[in-house]
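In: Any chance you can model this:
(one chain, ligands or ions: 1)
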Amino acid sequence: MRLVAEDLIVARGGRPVLDGVSLSVAAGGALTVTGPNGAGKSTLLRVLAGLINPLAGRVRLEDDAFEPRERMHLLGHLDAVKNGLSVEQNLRFARDLLGGAGDLGTALDRVGLSALADLPGGVLSAGQRRRLALARLLTAPRPIWLLDEPTAALDAAGQALLVDLVAEHRAKGGLVVAATHLPLGFEDAATLMLGR
Ligand SMILES: Nc1ncnc2c1ncn2[C@@H]1O[C@H](COP(=O)(O)OP(=O)(O)OP(=O)(O)O)[C@@H](O)[C@H]1O
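Out: Next comes the predicted model:
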C-alpha cells in the first residue's frame, strides 16, 4: 500500500492554504509534516482524511482496494472524549463506531489508563485524554495513522509510548503522517516542510 497525494491546492475561508502539495508514503513509512503556525499542517491531514476537499489535486491509495478514508485514523487536536461516558465506555464507543474488535482492557493497559477505566471521561487530564486517543488506534486497527501534534500534552513516558506504538504499527505494514513542531523521534521519517 502507498498513500499518495498529488498537487493539492486547498483554500480555507477563501484564502489559499496549500498550493501544489504532493506526498507519497509507502507501507511501513513515516512522514513528518512541519512548518510555521498557519502553514496548513492540520489542513493537509484533514484533506488526506477526506474531511476537506481540495480545489485541485487528489488523494489516492496505491495497491489497496478501499477508499482512503476507510483505511485511516485521524488523531486530531480535539481528542473527542465524551465527558459523561467512562474511559472504557468511551473506548468501546469509538471502537464499535469504527468497526474494530481490539480488546479494550489490553489497549487501556498499553496506554497506562487501566486504573482509570471506570472514571468519567470528563475528569481526564489533557495527557490522559491523549492517551485515550492513542488507545483508539489500537482497538480499531487501520493501516494509515494521521497524527496532528501527537505529543501535545504527553509526558516523557507518553512520548516514548507513542514512538513505540508507531514503530510497531510500521513494522506491521502501517504508515504514519504526523504534523508537528517538535522532533518526534520516529525512525527514518521523511520530512515535508510547508509554508516555505
Ligand atoms: N475553518 C476554517 N475557516 C477558515 N480558515 C481556516 C479554517 N481552518 C483553518 N483556517 C486557516 O487555514 C490556515 C491553515 O491552518 P492550519 O490549522 O492547517 O495550520 P497549521 O499549520 O496546522 O497551524 P498550527 O501550527 O498553528 O497548528 C490558517 O491560516 C487558518 O487560519
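
In: Could I get the full set of strands for the chain?
Out: Applying DSSP state E to the chain gives strands spanning 2-12, 15-26, 30-34, 56-62, 72-75, 144-148, 175-179, 190-193.

In: and the gap between the closest residue to residue 105 other than its chain neighbours and the ligand?
Out: Distances taken as Cβ to Cβ, 6 or more residues apart in numbering place residue 114 nearest to residue 105, at 6.9 Å, with adjacent residues excluded. Any C-beta I mention is one placed from the backbone N, CA and C, and that applies to glycine too. Applying Cβ to the nearest ligand atom, to the nearest Å, the value for residue 114 to the ligand is 32 Å.

In: Quick check: residue 114 touching residue 107?
Out: No: taking contacts as Cβ atoms under 8 Å, residue 114 lies outside contact range of residue 107: 9.6 Å.

In: hang on, the earlier thing: any chance of the strands of the chain in CSV, plus mean pLDDT and mean neighbour count?
Out: Below are the strands of the chain laid out as CSV (pLDDT from 0 to 100; neighbours: other Cβ atoms under 10 Å):
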stretch, mean pLDDT, mean neighbour count
strand 2-12, 97, 17
strand 15-26, 97, 16
strand 30-34, 98, 21
strand 56-62, 94, 15
strand 72-75, 94, 22
strand 144-148, 97, 24
strand 175-179, 98, 25
strand 190-193, 97, 14
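
In: Tell me which residues of stretch 85-100 come out buried.
Out: Applying a neighbour-count criterion of 16 or more other Cβ atoms under 10 Å, one finds 85, 87-91, 94-95, 100 buried in stretch 85-100.

In: chain center to that stretch, what's the gap?
Out: 17 Å (Cα atoms, centre = their mean, to the nearest Å).

In: contact partners of it?
Out: 73, 80-82, 101-102, 104, 107-108, 113, 116-121, 124, 132, 135-136, 139-142 (Cβ atoms under 8 Å, 6 or more residues apart in numbering).

In: Could you export that stretch as PDB, CA atoms only?
Out: Written as PDB, here are the backbone C-alpha positions of stretch 85-100 (Å, rounded to 0.1, in the frame of the first residue of the first chain):
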ATOM      1  CA  LEU A  85     -19.100   8.100  29.500                       C
ATOM      2  CA  SER A  86     -16.400   6.300  31.500                       C
ATOM      3  CA  VAL A  87     -13.000   5.800  30.000                       C
ATOM      4  CA  GLU A  88     -13.800   2.300  29.000                       C
ATOM      5  CA  GLN A  89     -17.200   3.200  27.600                       C
ATOM      6  CA  ASN A  90     -15.500   6.000  25.600                       C
ATOM      7  CA  LEU A  91     -13.100   3.500  24.100                       C
ATOM      8  CA  ARG A  92     -15.900   0.900  23.400                       C
ATOM      9  CA  PHE A  93     -18.000   3.600  21.700                       C
ATOM     10  CA  ALA A  94     -15.100   4.600  19.400                       C
ATOM     11  CA  ARG A  95     -14.100   1.000  18.700                       C
ATOM     12  CA  ASP A  96     -17.700   0.000  17.700                       C
ATOM     13  CA  LEU A  97     -18.200   3.100  15.700                       C
ATOM     14  CA  LEU A  98     -15.000   2.300  13.700                       C
ATOM     15  CA  GLY A  99     -15.900  -1.400  13.400                       C
ATOM     16  CA  GLY A 100     -12.900  -2.500  15.400                       C
END
